[in-house]
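**Student:** with the sequence up front, the predicted model follows.
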Amino acid sequence: MKNIQDIVNAGQCFGCGACYASCNKGYIEYKADGGMGFPVPRVINCEGCGECLRNCPAADLCDN
């Protein structure tokens, strides 16, 4: 996994907001309707620090 967008693309995101809260660079925004029935994150820019993945409860569900 490169960043939280991979979690969203894999259909594992459930909109908890942990990634958004953990990104101190502000590179994650929320789409009002991510097509999954709830807001999902969208990576605007990413330096690959991995902080979002370390805080995402769904990251363990996806292959790393």
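**Tutor:** In hand now; what should we look at?
**Student:** what ranges do the strands span in this protein?
**Tutor:** Along the chain, counting by DSSP state E, strands occupy 28-31, 40-43.
**Student:** low-confidence ranges in the chain?
**Tutor:** For the chain, the stretches with pLDDT under 70 are 1, 32-40, 62-64.
**Student:** and with 50 instead?
**Tutor:** Across the chain, the ranges flagged by pLDDT under 50 are 64.
**Student:** can you pull the contacts of the residue nearest to A59 when sequence neighbours are not counted?
**Tutor:** Closest residue in space to A59, ignoring its immediate chain neighbours: L53 at 4.9 Å, by Cβ to Cβ, 6 or more residues apart in numbering. For every residue, glycine as well, the C-beta is placed using N, CA and C. For L53, the contacting residues are 1, 3-4, 7, 19, 59, by Cβ atoms under 8 Å, 6 or more residues apart in numbering.
**Student:** can you pull out the helices in the protein?
**Tutor:** For the chain, the helices defined by DSSP state H occupy 4-9, 18-22, 51-55.
**Student:** list the buried residues in the last one.
**Tutor:** Along helix 51-55, these residues count as buried under the neighbour rule (16 or more other Cβ atoms under 10 Å): 51-53, 55.
**Student:** and of these, the nearest to G11?
**Tutor:** Using Cβ to Cβ, L53 is the member of these that lies nearest G11, at 16.1 Å.
**Student:** quick one: distance of stretch 43-52 to the chain centre.
**Tutor:** How far stretch 43-52 lies from its chain's middle: 9 Å, per Cα atoms, centre = their mean, to the nearest Å.
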